[in-house]
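# got a structure for you, letters missing:
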């Protein structure tokens, strides 16, 4: 999937005021499947009262803490805490994707989320903490297929929005995770096109 050429062509958007806002980061982790394809790791968040994203599909990650030297370090630490997946030992860092803006869970304050892409080369076992209900590996080809794209009604104070999403075996990938996924898929498509003309 990812090559030096694919990584070197990436120019992620970095928000100019990101260092003045609360920071968070996530890890997009892919691996080679037994059928030769590529799979992407998602977590399903544990269901918790008061959490607006309770039960949602997401990528592992969380907020930058004082002990984190960088947002990438935060993504690695949070992934290990949430899933037992050790990206430092068994992950190969591939790329940084574009910053996205969301809000804190409990208040309407902006938070910048930075996604990092890793290739997983370790064991299949996971160790989930209380924040994660399960881990799901989804084929990248399925995520990219147009027939698997859908809409999710999302109620807001201003009315209902039909948000783009991808549904997989009863799961629904939408929101920030869907946006990150789309950037990853665009990069993979461009890499495939570049490779076809070499």
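Structure received. What you see is a predicted model, and the numbers here were worked out from it, not measured in a lab. Numbers count the residues shown, from 1 in each chain.
# in this protein, which spans are helices?
4-8, 71-83, 87-90, 140-144, 175-196 (DSSP state H).
# Distance to residue 47 and mean pLDDT added to those, as a markdown table?
To be clear about C-beta, it is placed using only N, CA and C from the backbone, and glycine gets the same treatment. Output for the helices of the chain, formatted as a markdown table (distance: least, CB to CB, whole Å; pLDDT from 0 to 100):
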| stretch | distance to residue 47 | mean pLDDT |
| --- | --- | --- |
| helix 4-8 | 37 | 48 |
| helix 71-83 | 15 | 98 |
| helix 87-90 | 26 | 97 |
| helix 140-144 | 24 | 96 |
| helix 175-196 | 17 | 78 |
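# between the ones you listed, which one is nearest to residue 112?
Nearest to residue 112 among those is helix 71-83; the distance by CB to CB comes to 8.6 Å.
# Can you point out the buried residues in the closest one?
Neighbour-count burial for helix 71-83, counted by 16 or more other CB atoms under 10 Å, picks out 71-80, 82-83.
# again with stretch 144-153
144, 152.
# ok, and what's touching that stretch?
142, 160-168, 172, 174, 185, 188-189 (CB atoms under 8 Å, 6 or more residues apart in numbering).
# Which residues does residue 135 form beta bridges with?
On the basis of DSSP bridges, residue 135 is bridged to residue 43.
# What backbone torsions are found at residue 35?
phi -80, psi 0 (degrees, to the nearest 10).
# Could you tell me how many residues sit around it?
9 (other CB atoms under 10 Å).
# Give me the distance between it and residue 183.
For residue 35, the distance to residue 183 (CB to CB, to the nearest Å) stands at 25 Å.
# what's the weakest-modelled helix or strand in this protein?
Lowest on mean pLDDT, DSSP states H and E among the helices and strands of the chain sits helix 4-8, with a mean of 48.
# Once you drop chain neighbours, what's closest to residue 85?
residue 79 (5.3 Å; CB to CB, 6 or more residues apart in numbering).
# Test my guess that the one you found contacts residue 25.
No - at 9.6 Å, residue 79 and residue 25 do not qualify as touching, with contact defined as CB atoms under 8 Å.
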